[in-house]
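Asks: next comes the sequence, and after it the predicted model I'd like to discuss.
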There are 2 protein chains.
Amino acid sequence: MTDTAPPRPQPAFVLVRPQMGQNIGAAARAMLNFGLDRMRLVSPRDGWPNPDAVAMASGAGRVLDAAGLHDSTAAAVADCTYVYATTARARGLTKPVFSPEGAMADAVRRTAEGQRVAVLFGPERAGLENDDISIANAIITVPVNPDFPSLNLAQCVLLTGYEWRRQTHDVPAQTTELAGTDWAEAHEIEKLAEHYEERLEEAGFFFPEVKAPHMKRNLRNMWSRMPLTRADVQILHGMMRQVVRWKNRAE
Amino acid sequence: MTDTAPPRPQPAFVLVRPQMGQNIGAAARAMLNFGLDRMRLVSPRDGWPNPDAVAMASGAGRVLDAAGLHDSTAAAVADCTYVYATTARARGLTKPVFSPEGAMADAVRRTAEGQRVAVLFGPERAGLENDDISIANAIITVPVNPDFPSLNLAQCVLLTGYEWRRQTHDVPAQTTELAGTDWAEAHEIEKLAEHYEERLEEAGFFFPEVKAPHMKRNLRNMWSRMPLTRADVQILHGMMRQVVRWKNRAE
């Protein structure tokens, strides 16, 4: 059997001889978290369909419904032109070894060329066997802490799916959302600095006089270092005005 | 209480009001997978220590043993100079919003400057509250599928830890491990091509004669496209020699 879904430019994720139904369900969720829905299964230990998988998948049940069921790794990837095998460690095979990032960048390029690619994930306990790996064109190894390298099946699927999404979506490293305001412009910061400087001068803040220029410069530097919005500037003006009113009432 | 571990250049991962002990254990594993071991806990629902957390952490129990326990988010990050809050969605706050990659690149820079940084992770069901987020300097949002954005606590810890390791370790996108051999050099490929060309000429492979130059060029191109090791070249020489011996025996 093969997938009935039409070919789309995304990799098939092939779970090879998975043991626990709940891990198949968790893998389906992890795939859909990153927009992937082409799952293939090779000889799941507890048969198929599996109610534990369905229960764990919850909102990602459609990934399971559309999953292809195969009786060998070779059959599961028969229509693919490039196959990656995820392994925890190097195997003494002469094959390209990719990071998840490098592999998914490579997969994006290949799928854009019209190639069909697949990623093999091994059974929970032992991982892929050498016969599975011999079918693959390349290896993916997650750069884990060598003293504590244990990743479970769904985690390995999650990290690979995350990298697929990173490589296919332009994710800005940093943005700032502005909540109903704009960044203050330099002239607004200048007016704010003048306002504070004038009132603080009156309040006797710049003392002793010999230090006043230095203190004023520090204050100007503080304002310009702060990422202030127009709303922030209004709040700061208002704070000082209110304190002055308070002082005036006390007179 | 604060961590007793000496300050090290790595972020503290702060689990804010976590509910299930097993999720705390899974988070400890996910941290240690990527070499992180500075966990802090804010008011875990079921008290602390928690046997379910210990059972799930298995090999990562030392992360739990060293975890700091705090009764507020403010107390948990009191010694930090920069705090990131993980949230599933934008909150209408004027704060920098980082991808996990961008955030960990920023955290690497800050820790290298001697700053202490922390990452807040919210409770399983509801995520961080606005009061927790108001303590943070910046937001981290994982770029998930907007139609299926559900990441659990340990998965969010895993992806953030993965990005920390990616930003702190030089992980080559692609390498090839050579199993006891070297890449063949051009002169070895040339000899192989000549060997095959000569035998195939004798065998009458290049027919009709008008097509022979084209066929030979195709064969040369095939050899040069293949990523052959010295061991591969010896196998290919041996294959042809054996087929010739077979033919000779048949004569």
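Replies: Nice, I can see it.
Asks: stretch A:113-126 and chain B in contact?
Replies: No: remark: stretch A:113-126 sits outside contact range of chain B, by C-beta under 8 Å from any C-beta of the partner chain, the gap being at least 14.1 Å. Where C-beta positions appear, they are placed from N, C-alpha and C, glycine not excepted.
Asks: and that stretch, what's buried?
Replies: Residues of stretch A:113-126 classed as buried: A:116-124 (neighbour count, 16 or more other C-beta atoms under 10 Å in any protein chain shown).
Asks: export stretch A:39-54 as PDB, just CAs?
Replies: Taking Å, rounded to 0.1, in the frame of the first residue of the first chain, the C-alpha atoms of stretch A:39-54 are listed here in PDB:
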ATOM      1  CA  MET A  39       3.200   9.500   7.800                       C
ATOM      2  CA  ARG A  40       4.100   6.000   6.700                       C
ATOM      3  CA  LEU A  41       4.300   3.000   9.000                       C
ATOM      4  CA  VAL A  42       6.400  -0.100   8.700                       C
ATOM      5  CA  SER A  43       5.000  -3.100  10.600                       C
ATOM      6  CA  PRO A  44       3.800  -1.500  13.800                       C
ATOM      7  CA  ARG A  45       4.300  -4.000  16.600                       C
ATOM      8  CA  ASP A  46       0.700  -3.900  17.900                       C
ATOM      9  CA  GLY A  47      -1.000  -3.900  14.500                       C
ATOM     10  CA  TRP A  48      -2.900  -1.200  12.700                       C
ATOM     11  CA  PRO A  49      -5.100   0.800  13.300                       C
ATOM     12  CA  ASN A  50      -4.200   1.200  17.000                       C
ATOM     13  CA  PRO A  51      -6.600   2.800  19.500                       C
ATOM     14  CA  ASP A  52      -3.700   4.000  21.700                       C
ATOM     15  CA  ALA A  53      -2.300   5.900  18.800                       C
ATOM     16  CA  VAL A  54      -5.700   7.500  18.100                       C
END
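Asks: show the average pLDDT along stretch A:187-200.
Replies: Along stretch A:187-200, the predicted confidence averages to a pLDDT of 95.
Asks: give me the residue at the spatial middle of chain A.
Replies: The residue lying closest to the centre of chain A (C-alpha atoms, centre = their mean) is A:Tyr162, at 5.5 Å.
Asks: tell me how far that residue lies from chain B.
Replies: 6 Å (C-beta to the nearest C-beta, to the nearest Å).
Asks: how close does that residue get to B:Thr175?
Replies: 21 Å (C-beta to C-beta, to the nearest Å).
Asks: go on, A:Leu200?
Replies: From A:Leu200 to B:Thr175 the distance is 61 Å (C-beta to C-beta).
Asks: wait, what's in contact with the residue of the stretch 151-251 of chain A found nearest chain B?
Replies: In the stretch 151-251 of chain A, the residue that lies nearest chain B is A:Ala173 (3.0 Å; C-beta to the nearest C-beta). A:Ala173 is in contact with B:98-99, B:101-102, B:105, counting by C-beta atoms under 8 Å, 6 or more residues apart in numbering or on different chains.
Asks: which parts of the worst-scoring helix or strand of chain A on mean pLDDT are buried?
Replies: One helix or strand of chain A scores below all others by mean pLDDT, DSSP states H and E: strand A:174-176, with a mean of 88. For strand A:174-176, the neighbour count (16+ other C-beta under 10 Å) marks A:Thr176 as buried.
Asks: near chain B, which residues of the stretch 151-251 of chain A?
Replies: Residues of the stretch 151-251 of chain A lying near chain B (C-beta under 8 Å from any C-beta): A:151, A:155, A:158-159, A:162, A:165-166, A:169, A:171-181, A:229, A:231.
Asks: list only those of those flagged as buried.
Replies: A:151, A:155, A:158-159, A:162, A:165-166, A:171, A:176, A:229.
Asks: mind listing what's buried in stretch A:145-158?
Replies: So stretch A:145-158, judged by 16+ other C-beta under 10 Å, has buried residues A:145, A:148, A:151-158.
Asks: list the contacts of that stretch.
Replies: A:13, A:15, A:18, A:23, A:26-27, A:29-31, A:33-34, A:86, A:88-89, A:121-124, A:142, A:144, A:159, B:29-30, B:32-35, B:59-60, B:155, B:158-159, B:165.
Asks: restricted to buried residues, select the residues you listed in PyMOL.
Replies: Those of the contacts of stretch A:145-158 that count as buried under 16+ other C-beta under 10 Å are selected in PyMOL with:
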select buried, (chain A and resi 13+15+18+23+26+27+29+30+31+33+34+86+121+122+123+124+142+144+159) or (chain B and resi 29+30+32+33+34+35+60+155+158+159+165)
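Asks: can you pull out the strands in the stretch 1-150 of chain A?
Replies: Under the criterion DSSP state E, counting those that start in this stretch, strands of the stretch 1-150 of chain A are mapped to A:12-16, A:39-42, A:68-70, A:82-86, A:95-98, A:117-121, A:138-140.
Asks: tell me what the last one is packed against?
Replies: It stands for strand A:138-140. If contacts are counted by 3 or more C-beta pairs under 8 Å, 6 or more residues apart in numbering or on different chains; DSSP states H and E, strand A:138-140 sits against strand A:82-86, strand A:95-98, helix A:100-112.
Asks: what about 10 Å?
Replies: With contacts taken as 3 or more C-beta pairs under 10 Å, 6 or more residues apart in numbering or on different chains; DSSP states H and E, strand A:138-140 sits against strand A:82-86, strand A:95-98, helix A:100-112, strand A:117-121, helix A:153-168, strand B:174-177.
Asks: isn't A:Leu200 up against A:Asn218?
Replies: No: with contact defined as C-beta atoms under 10 Å, A:Leu200 does not reach A:Asn218; the gap is 11.9 Å.
Asks: now the residue of the stretch 1-150 of chain A found nearest chain B. Nearest residue, chain neighbours left out?
Replies: Nearest to chain B in the stretch 1-150 of chain A, going by C-beta to the nearest C-beta, is A:Gly102, at a distance of 3.0 Å. Nearest residue to A:Gly102, sequence neighbours excluded (C-beta to C-beta, 6 or more residues apart in numbering or on different chains): B:Ala173, at 3.0 Å.
Asks: tell me the predicted confidence for that neighbour.
Replies: So, for B:Ala173, pLDDT stands at 92.
Asks: same check, this time on the one 5 residues further on
Replies: Per-residue confidence for B:Leu178 comes out at a pLDDT of 81.
Asks: contact partners for the spatially closest residue to it that is not a sequence neighbour?
Replies: Leaving aside its chain neighbours, B:Leu178 sits nearest to A:Thr94 (5.5 Å; criterion: C-beta to C-beta, 6+ apart). A:Thr94 is in contact with B:176-181, B:183, B:227-229, B:231-232, counting by C-beta atoms under 10 Å, 6 or more residues apart in numbering or on different chains.
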